[in-house]
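Novice: fold the following.
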Amino acid sequence: MFETVELGRKTPRAEFDKEAPILRTLTCDLVPPKMLGYPRASRQDGTKVVAVARESAVSMDSRFAFAQDLVQEAGALARHHFDHRGALKVERKGLQDEVSEADREVEAIIRERIATAFPQDGFLGEESGATAASNGNAGPVWVVDPIDGTASFLAGIPCWCLSIALVSAGEIELGVVFDPNADELFAVRRGGGAWLNGTALPKPPAISLASGLFGIGFSHRRPPEALVPFVEGLLRAGGMFIRNGSGALMLAYVAAGRLIGYFEPHINSWDSLAGLLLIREAGGWTNDFLAGDALYAGNMVAACAPGVAEELRALLTRTVEHGD
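Specialist: The predicted model follows:
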């Protein structure tokens, strides 16, 4: 079904130490995740609460390592298609909303790998939808955008990425955002910090809306009036905006301190969950994106460096309906 793509390189990844709640950096060969033999915990001594808790932590650790390897394997396939994008079949899903066979193939391989490694987990993908196990927010659900920034991808602009998050019991537990063009792997684990190519991300330093570039996203799921007042307010505050076509990548840039913040009137969960957790674990502020049915229906997203949060919240209150 899929072409063979040479992976062969090594890349750093973040991984939880099984004996202590810290992250360490390691170098690993990229091989298909289903061949890696990720550990499965046993509940033979499950009479002790601490044993069950430790099993849960180890299980999430294995998913975190798995996600980092998986997103790079899938990223190699996506980059192969990007280099041969002229041969791709493209369909239009809506206004300024396209999908290519690359999106579908990359999501299919991600879904297949997850089903093999963690068959009990649910799956929610942009292109293929949800599995039966994903109906509800209780158990682990993988939330996947195979190519975020398809318009840029198809135009030959290297501003796109892959985004994978895992949600359990209403919490974003882990996430990975991979940019194959820059060879940048953003990885995050709830309570374990945010990482870029194995190096911990420091707290974003911006202190005002006027102190850097602010990311903006927009889709025609909302009218222009949902965005224009915010942009005007940002400019009047001395700010400046940028849009590169990938919400997931711009959220990762906020976590890395490259952008001071990000706003989009409506974004889907597969575009945003990994990036939101990256920002929170790096010390930044985000709105409560998962309120209501946002996992399946999407929501407004707002996020920024901690020093900008008060000013951004005030701007949202003035310019965006339900902006608080």
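
Novice: just the helices in this protein please.
Specialist: For the chain, applying DSSP state H gives helices covering 49-83, 101-117, 150-155, 228-236, 247-255, 269-281, 294-297, 309-319.

Novice: hey, which of these is tucked in deepest?
Specialist: Compared across these, helix 247-255 shows the largest average neighbour count, a mean of 30 (mean count of other CB atoms under 10 Å). The C-beta positions use only the backbone N, C-alpha and C, and glycine is treated the same way.

Novice: so where's this protein uncertain?
Specialist: The chain contains residues with pLDDT under 70 at 1-58, 94-97, 132-138, 322-324.

Novice: near the closest residue to M60 other than its chain neighbours, how many other residues are there?
Specialist: With CB to CB, 6 or more residues apart in numbering as the criterion, M60 has its nearest non-adjacent residue at 5.9 Å, and that residue is E173. Look at E173: counted by other CB atoms under 10 Å, it has 20 neighbours.

Novice: the spatially closest residue to R258 that is not a sequence neighbour bridge partners, please.
Specialist: Setting aside the residues directly before and after it, R258 is nearest to L213 in space (CB to CB, 6+ apart), at 7.8 Å. Legend: beta-bridge partners of L213 under DSSP bridges are M240.

Novice: quick one, what contacts V301?
Specialist: 217, 247, 251, 262-264, 267, 272, 276, 286-287, 289 (CB atoms under 8 Å, 6 or more residues apart in numbering).

Novice: please apply the same query to E101.
Specialist: Listed by CB under 8 Å, 6+ apart, the contact set of E101 reads 81, 88-90.

Novice: who's A303 bridged to?
Specialist: Y262, T286.

Novice: neighbours of it, just the number please.
Specialist: That count, for A303 with other CB under 10 Å as the rule, works out to 30.

Novice: and it, what is it in contact with?
Specialist: Contact analysis of A303 by CB under 8 Å, 6+ apart lists 251, 254, 261-263, 275-276, 279, 284-287.

Novice: now distance to A155 too, for these, in CSV please.
Specialist: Shown next, in CSV, are the contacts of A303 (distance: CB to CB, whole Å):
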residue, distance to A155
L251, 21
V254, 24
G261, 26
Y262, 22
F263, 23
G275, 22
L276, 27
I279, 27
G284, 30
W285, 32
T286, 29
N287, 30
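
Novice: and these, which is closest to G233?
Specialist: G233 lies nearest to F263 out of the contacts of A303, by CB to CB, at 10.3 Å.

Novice: the closest one contacts F218, correct?
Specialist: No - judged on CB atoms under 8 Å, F263 makes no contact with F218 at a distance of 9.4 Å.

Novice: look at those two and report which has more neighbours.
Specialist: It is F263, of F263 and F218, that has more neighbours when counted by other CB under 10 Å, with 28 against 19.

Novice: excluding chain neighbours, what is closest to the more buried one?
Specialist: F263 sits nearest to A302 (CB to CB, 6+ apart), 5.0 Å away.
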